[in-house]
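Engineer: Here's a sequence, model it:
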Amino acid sequence: MGASTEHISKQFESDLDGTRTRMLQMGGLVEAQILAAIDAYGSGDAALIAQVIENEPRVNAYEIAIDEACNHIVVRRQPAASDLRLIMGISKIVTNFERMGDEAEKIARMAKSIHEHGGHHANRFPAVRHAAQIAVRMLRQGLDAFARLDAAAAADVLKEDAEIDQEFTSVLRQLITYMMEDPRTITPALEIVWVAKAIERIGDHAKNLAEQVIYIAKGTDVRHTPVAHIEREMAKE
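Structural biologist: Numbering: from 1, shown residues only. Predicted coordinates:
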């Protein structure tokens, strides 16, 4: 009986480790998709645009496979509280990854259209690329916090979301001025707005990732909680 129980326990740990690893691999793919899409926005590189669009189904396949693995673990293993939090958190994180992948594909498609109107439009607004750098940094930091189950590092990610929101507001103001000065720029300017909005949404999903890391590590649901309050709670520990 003892040997059998030990075997089941080892198999459970193996299932959990495999699911964690696949989630981190999915995060790496999504990061690569975002970086390629932003590069394509700046350069109009047709091969990069095609690569992002072709890879998008791989992101979806990861989501389906990881969700199936999570369901399998819950049904077969009936995990205890902390393991159940991990599985539920992973399931929510992969949903956010899938949506980040959608936004990366949207940026790639917009890049194609923007460069058909003349690539100079894309490079007139450096705040777009700056916002993208923040979003990618948030994703990387969130993945690192998940790998170490570091709630304090995850809380640091939450603070950066406001910076992306500020960049988006700045881009919007600049683009409105741009369109008013020359109505011929309206179509590419609106497409750049969509790119900026997609980056803002990627930042939101990276924030959601960080919130799930805190939930997994501490058992505390910090969604819809002011960042200052979360920081105070982390400081108490």
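Engineer: looking at this protein, which helix or strand is least sure?
Structural biologist: Of all the helices and strands that make up the chain, the one with the lowest confidence by mean pLDDT, DSSP states H and E is helix 227-235; it has a mean of 67.
Engineer: any idea how far the residue nearest to the spatial centre of the chain is from residue 144?
Structural biologist: Closest residue to the average C-alpha location of the chain: residue 206 at 4.2 Å, with CA atoms, centre = their mean. Using CB to CB, to the nearest Å, one gets 12 Å for the distance from residue 206 to residue 144. (C-beta placed from N, C-alpha, C; glycine too.)
Engineer: what's around residue 10, how many residues?
Structural biologist: By the other CB atoms under 10 Å criterion, the neighbourhood of residue 10 contains 10 residues.
Engineer: Which helix or which strand is home to it?
Structural biologist: helix 2-43 (DSSP states H and E).
Engineer: low-scoring stretches of this structure, by residue?
Structural biologist: Applying pLDDT under 70 to the chain flags the ranges 1-8, 225, 228-237.
Engineer: can you pull out the helices in it?
Structural biologist: Counting by DSSP state H, the segments of the chain that form helices are 2-43, 46-77, 81-116, 126-148, 151-159, 161-181, 186-218, 227-235.
Engineer: most tightly surrounded among these?
Structural biologist: Among the helices of the chain, the stretch with the highest mean neighbour count (mean count of other CB atoms under 10 Å) is helix 186-218, at a mean of 23.
Engineer: Surely residue 102 touches residue 57?
Structural biologist: No - the pair residue 102 and residue 57 does not pass the contact test of CB atoms under 8 Å, sitting 11.4 Å apart.
Engineer: quick revisit: gap between the residue nearest to the centre of the chain and residue 91?
Structural biologist: Counting by CB to CB, the gap between residue 206 and residue 91 amounts to 17 Å.
Engineer: can you check residue 161 too?
Structural biologist: Residue 161 sits 22 Å away from residue 91, taking CB to CB as the criterion.
Engineer: In contact with the nearest residue to residue 208 once chain neighbours are set aside, which residues are there?
Structural biologist: Excluding its sequence neighbours, the residue lying closest to residue 208 (CB to CB, 6 or more residues apart in numbering) is residue 96, at 4.7 Å. Residues touching residue 96, when contacts are defined by CB atoms under 8 Å, 6 or more residues apart in numbering, comprise 205, 206, 208, 209, 212.
Engineer: so the first one touches residue 97, yeah?
Structural biologist: Yes - in this structure, residue 205 is within contact of residue 97 by CB under 8 Å, at 7.5 Å.
Engineer: between these two, what contacts are shared?
Structural biologist: Contact criterion CB under 8 Å, 6+ apart; residues shared by residue 205 and residue 97: none found.
Engineer: Tell me how far residue 166 lies from residue 121.
Structural biologist: Distance from residue 166 to residue 121, by CB to CB: 22 Å.
Engineer: Kindly report the same for residue 31.
Structural biologist: Counting by CB to CB, the gap between residue 31 and residue 121 amounts to 26 Å.
Engineer: Please apply the same query to residue 170.
Structural biologist: For residue 170, the distance to residue 121 under the criterion CB to CB works out to 17 Å.
Engineer: Who are the contact partners of residue 200?
Structural biologist: By CB under 8 Å, 6+ apart, the contact set of residue 200 is 131, 164, 165, 168.
Engineer: my bad, should have said residue 84
Structural biologist: Applying CB under 8 Å, 6+ apart, one finds that residue 84 lies in contact with residue 74.
Engineer: before we move on, what about residue 179?
Structural biologist: Listed by CB under 8 Å, 6+ apart, the contact set of residue 179 reads 185, 186, 189, 190.
Engineer: Settle this for me: the first one is touching residue 121, isn't it.
Structural biologist: If I follow you right, that is residue 185. Yes - here residue 185 lies in contact with residue 121, judged by CB under 8 Å, at a distance of 6.7 Å.
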